[in-house]
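S.K.: Mind folding the following:
(chains A and B)
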Amino acid sequence: MVNDVVRQIIRFLLLVLGQGLILKNVEPGFLINPFLYILFILQLPFETPPWMVMLIAFFTGICIDVFYSSAGVHMAACTFIAWLRPNILRFMAPREGYEFGSQPTMQDMGRAWFITYATIIIVIHHFIIFYLEVFSLHGFFATFLRVIVSSIATLLLVIVTQFLMYRTKEST
Amino acid sequence: MRNLLVFLVKRYFFLLFLFLESISLYFLVQKNFFQHATAVSAANRLTGSLFKVKTDLLEYLDLKEQNKILAEKLALTFDHDSTSWLMYTSRTTPVNDTMYRQRFEYLYALVIDNTVTERNNYIILDRGRLQGVKPDMGVVCASGIVGIVREVSDNYCMVMSVLHKDSHISASVKKDGTFGQLSWDGLNYRVATLTDLPTHSKIALGDTLITSGLGDAFPEGIVVGTVKHFEKKAGDKTYTVDVELSTDFRKLRHVFVVENLMRDELDSLKLKMVK
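M.R.: All right, here's what the predicted structure looks like:
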């Protein structure tokens, strides 16, 4: 249990610092702005109480906002995601419910399940972020393009990082 | 009362969500949040020094190119104005003259963090309150305008880049002095948009645009960019101009913070008008 908490803290530091110091400076062009840190909220264990997920997400948002000097944008998006997460998880639950101790990862839940789950959350998250950043519907389609392109980039990064951060069940 | 408590306990999750979400939105609309929240300014100092380490590591990679840009600009300055080289030292140097009063002072600064791909881009410089930087000062570089100082901590300042939705800078056509407002649509970091340019302007493709000197952040005559495309949209009484920015924000390194020495006087004059 304690081990799990430590592991989550390390993941948190890696993802938030990676986002703020590395990904923020990588500029692939084509309006791409990946927000990989969302993986941290995605992968929190199923048993985490929803209120705790929400507080964690809120705090993550603050940290990212400090790096991006965008007061409130990431906070709002993360909180919203944390509110949606339990509903999405309930909606996507397998018939016999989630296995105890399993995590919402590709290794535990399978490729199709994880990609659907991640896509829903990432698109909503990016949608909120980019529209709050502009704070108007002016240039609606330019912003929409941003959302789509960045969501795809984030999804790919999330999938790749998944494989780096979690070993498959056999080897652990 | 009991019912209310039962309701609160039942819907605690939704209420928590509403509570946190409204905090976020409050921060979002409160523009000068970074100045007031001390916790955040402490965190800012932390990220500031993290960014500083990063810049120290990366600085040498494009030293050659930066030196070239600076040397070219310096040569140009020597050519045109025998006194203005005084401004480009790391300390500010006041010029004493009985006929002319110096209006702008340039403070050298180094970019330690910068983005160009966000919708709202910020630049962090390694000069702050202790070096004399104040909010609303303009920032320029050797090749053109950069932005306006928004927040200041002791040793760092945060600059709202021209590439920001709230950046509105008055720019004029060098040829005839007609002016409009420069803003950025968030798509291409090389191209900004000039709106509200009157149609009697004799604008042509390739014309140079400079700062108009209206507003007190920038001196008059600093290069903004060149005209890439212009048109009069149906129903508009003004031109909309695509401007190719002369500043390459991706290569930004050495910049100058511009202090308007007469700002206090101007501000108090404006205050009189309000009263």
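S.K.: dump the residue contacts of the residue nearest in space to the middle of chain A.
M.R.: Here the mean C-alpha position of chain A is nearest to the C-alpha of residue A:38 (CA atoms, centre = their mean), at a distance of 2.0 Å. The contact partners of residue A:38, by CB atoms under 8 Å, 6 or more residues apart in numbering or on different chains, come to A:78, A:81, A:121, A:122, A:125, A:154, A:158. Quick note: C-beta positions are derived from backbone N, CA and C, even for glycine.
S.K.: try 7 Å this time
M.R.: Listed by CB atoms under 7 Å, 6 or more residues apart in numbering or on different chains, the contact partners of residue A:38 are A:121, A:122, A:125, A:154.
S.K.: Surely the third one is in contact with residue A:76?
M.R.: No: the pair residue A:125 and residue A:76 does not pass the contact test of CB atoms under 7 Å, sitting 10.2 Å apart.
S.K.: Flag every residue of chain A that's near chain B.
M.R.: Residues of chain A lying close to chain B by CB under 7 Å from any CB of the partner chain are A:20-21, A:24, A:27, A:33, A:50-51, A:54, A:58, A:61, A:66-67, A:69-73, A:75-76, A:79-80, A:83, A:130, A:132-134, A:139, A:142.
S.K.: From those residues, list just the buried residues.
M.R.: Judged by neighbour count, with 16 or more other CB atoms under 10 Å in any protein chain shown as the criterion, the buried members of these are A:20-21, A:24, A:33, A:50, A:54, A:58, A:61, A:66-67, A:69-73, A:75-76, A:79-80, A:83, A:130, A:132-134, A:139.
S.K.: Check the offset of the worst-scoring helix or strand of chain A on mean pLDDT from the chain's centre.
M.R.: Per-element confidence for chain A was summarised using mean pLDDT, DSSP states H and E. The lowest value among helices and strands belongs to helix A:106-109, with a mean of 81. The chain centre lies 16 Å from the centre of helix A:106-109; the measure is CA atoms, centre = their mean, to the nearest Å.
S.K.: Could you look up the next helix or strand downstream of it?
M.R.: Counting by DSSP states H and E, the element after helix A:106-109 in chain order, helix or strand, is helix A:111-134.
S.K.: Helices of the stretch 51-200 of chain B, residue ranges please.
M.R.: If DSSP state H, counting those that start in this stretch is used as the criterion, the helices of the stretch 51-200 of chain B fall at B:63-80.
S.K.: The closest residue to chain B within chain A and residue A:144, how far apart?
M.R.: Of the residues in chain A, the one nearest chain B is residue A:72, at a distance of 3.2 Å by CB to the nearest CB. Residue A:72 sits at a distance of 21 Å from residue A:144 (criterion: CB to CB, to the nearest Å).
S.K.: how near is the residue of chain A positioned farthest from its centre to residue A:36?
M.R.: When distances to the mean C-alpha position of chain A are computed (CA atoms, centre = their mean), the maximum falls on residue A:138, with 26.8 Å. When CB to CB is applied, the distance between residue A:138 and residue A:36 equals 28 Å.
S.K.: and the residue of chain A closest to chain B, what does it touch?
M.R.: The neighbourhood of residue A:72, defined by CB under 7 Å, 6+ apart, consists of A:65, B:24, B:25, B:27, B:28.
S.K.: hmm, which two among those are most spread apart?
M.R.: A:65 and B:25 (12.7 Å; CB to CB).
S.K.: These two: which is more packed in?
M.R.: The neighbour comparison of residue A:65 against residue B:25 (other CB atoms under 10 Å in any protein chain shown) goes to residue A:65, with 26 against 16.
S.K.: you'd agree that one is in a helix?
M.R.: Yes: the assignment for residue A:65 (DSSP: H, G, I helix; E, B strand; the rest coil) places it in a helix.
S.K.: So which bits of chain B are right by chain A?
M.R.: Applying CB under 7 Å from any CB, one finds that chain B approaches chain A through B:13, B:16-17, B:20-21, B:24-25, B:27-28, B:33-34, B:40, B:43-44, B:47, B:50, B:54, B:115-120, B:122, B:158, B:165, B:185-187.
S.K.: from the residues you listed, which would you call buried?
M.R.: Neighbour counting by 16+ other CB under 10 Å classes B:13, B:16-17, B:20-21, B:24-25, B:27-28, B:33-34, B:40, B:43-44, B:47, B:50, B:115-120, B:122, B:158, B:165, B:186 among the residues of chain B next to chain A as buried.
S.K.: Now intersect the residues you listed with the strands, please.
M.R.: B:122, B:158 (DSSP state E).
S.K.: Which positions in whichever helix or strand residue A:8 is part of come out as buried?
M.R.: For residue A:8, the element it lies in under DSSP H and E is helix A:2-17. Of the residues in helix A:2-17, those scored as buried under the neighbour-count criterion (16+ other CB under 10 Å) are A:8, A:11, A:12, A:14, A:15, A:16.
S.K.: Using TSV, please lay out those together with distance to residue B:8 and pLDDT.
M.R.: Written out in TSV, the entries for the buried residues of helix A:2-17 read as follows (distance: CB to CB, whole Å; pLDDT from 0 to 100):
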residue	distance to residue B:8	pLDDT
A:8	30	87
A:11	33	88
A:12	30	91
A:14	37	89
A:15	34	90
A:16	33	90
